[in-house]
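>>> Just to be clear, the model below is a prediction. Sequence and coordinates:
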Amino acid sequence: MITIETPASLGAKHAELSASGLARFFNRARRAVGLAGEVDVLLADNTTLRRLNNTFRGKNKPTDVLSFPAHAQIGQNHAGDLAISLETAAQQATAFGHTLRDEVRILLLHGLLHLAGEDHETDNGEMAAREATLRRDLRLPTTLIERTRPAPTKPSKSITRKHSSKRRGGK
């Protein structure tokens, strides 16, 4: 089930979010990840995510997505819960040049991978690779993990000149 608590700060931006459309995407993504069991999703504001992040992770700041895997006793029926800040998602969507709907979808996929036991902080790039593949399969823009990698270093002048000549018609 997806619950949307629309933050007043979003104004009309949230109009592009439909619970039924997100649910359809979410179910496709859950199947693609291979996650069994129900997942409850809360789309809320930064205040709510800050409170959850502080309570469960000891970090007193808002975040974009939180994943709460279910305990093993109920794991067969319930895979866990996700919480997404629509305020942070809207800021990230603007920063990365895509829609709020796409940003929420990116965050849903990222959270589902965490519920499936993946952890990009400890897995030597395995989650990033899987997320990139699933992102392409689900027709999503840049993944969350890819966006956190440092930008490539500035090319040298010789490389810049070489690329410049290619743009003028060379191969």
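Right, received. Where do you want to start?
>>> which SS state does Asp40 fall under?
Secondary structure assignment for Asp40 (DSSP: H, G, I helix; E, B strand; the rest coil): strand.
>>> tally of neighbours for it?
Close neighbours of Asp40, defined as other C-beta atoms under 10 Å, add up to 15. In short, each C-beta sits where N, CA and C put it, glycine included.
>>> what do you get for the one 5 residues further on?
Burial measure for Asp45: 18 neighbouring residues, criterion other C-beta under 10 Å.
>>> Confirm for me that it is in contact with Leu86.
Yes - using C-beta atoms under 8 Å, Asp45 is in contact with Leu86, at 6.5 Å.
>>> Just the pLDDT at the residue nearest to the spatial centre of the chain, thanks.
Nearest to the mean C-alpha position of the chain, counting by C-alpha atoms, centre = their mean, stands Leu107 at 2.0 Å. Listed pLDDT for Leu107 reads 95.
>>> For it, which non-adjacent residue is spatially closest?
In space, and not counting its chain neighbours, Leu107 is closest to Val65: 4.3 Å by C-beta to C-beta, 6 or more residues apart in numbering.
>>> Name the helix or strand for Phe68, please.
Secondary structure from DSSP states H and E places Phe68 in strand 65-69.
>>> Paired strands for that strand, with orientation please.
strand 78-85 (antiparallel) (DSSP bridges).
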